[in-house]
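Can you look at this prediction? I've put the sequence above it.
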Amino acid sequence: DVREVCDTLQRVALHGVQDAVLLMQGVVTMFMISPKLFLLVMATVPPGTALLVGLGTLLRHAQSKANTASVEAHGQAVQALSALRTVRAFSQEDREAEEYTKALQHAGAKRLEFYCVLA
């Protein structure tokens, strides 16, 4: 087991060194071919990448909130339907329907928030 771990670490380190050398070769070659293009690429790609990563994080967070709200609304519906006999016995159908409607509205608001983030 230790031997396999050492072999794997050596392979990973070798690939990392090879990738770093190839990256440096590409950067130097691009700079030698066109310094202006190199500066343009270096000025636009890193900020663009950071912007897209931030947007992806924001979208993932908004989608998580929307999914949580939908699950809560679904749970409310399941609870109301499973306890239908008890609800009927106490004549609380209207209150349960209002709670379910509120849960759906909350879920819809979270979905809308998610779509607003997309836009």
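Arrived safely, thanks for sending.

Okay, now the unreliable bits of the chain?
Scanning the chain for pLDDT under 70 picks out 85-92, 119.

show me where it has helices.
Using DSSP state H, the helices of the chain run over 2-33, 35-82, 84-89, 93-118.

just those: most buried one?
Of the helices of the chain, the one with the most neighbours on average (mean count of other CB atoms under 10 Å) is helix 93-118, at a mean of 14. C-betas here are computed from N, CA, C, even on glycine.

Check which helices and strands that helix sits against.
Counting contacts by 3 or more CB pairs under 8 Å, 6 or more residues apart in numbering; DSSP states H and E, helix 93-118 is packed against helix 35-82.

The helix it packs on packs against which elements?
With contacts taken as 3+ CB pairs under 8 Å, 6+ apart, helix 35-82 sits against helix 2-33, helix 93-118.

and it with helix 93-118, angle?
170 degrees (axes from the mean of the first three to the mean of the last three CA atoms, to 10 degrees).

what's the spacing between residue 35 and residue 23?
Using CB to CB, to the nearest Å, residue 35 is found at 18 Å from residue 23.

likewise residue 105?
Residue 105 is 51 Å from residue 23, by CB to CB.

again with residue 103
Counting by CB to CB, the separation of residue 103 from residue 23 is 51 Å.

again with residue 53
Residue 53 is 19 Å from residue 23, by CB to CB.

Quickly note the distance from the residue most central in space within the chain to residue 67.
Relative to the mean C-alpha position of the chain, the nearest C-alpha, by CA atoms, centre = their mean, is the one of residue 60, at 2.6 Å. For residue 60, the distance to residue 67 equals 11 Å [CB to CB].

overlap in contacts of these two?
Common neighbours of residue 60 and residue 67 (criterion: CB atoms under 8 Å, 6 or more residues apart in numbering): none identified.

what sits against residue 111?
For residue 111, counting by CB under 8 Å, 6+ apart, the contacting residues are 66, 69-70.

Please disregard the earlier target; I meant residue 64.
Going by CB under 8 Å, 6+ apart, residue 64 touches no other residue.

Nice, that's everything, thank you.
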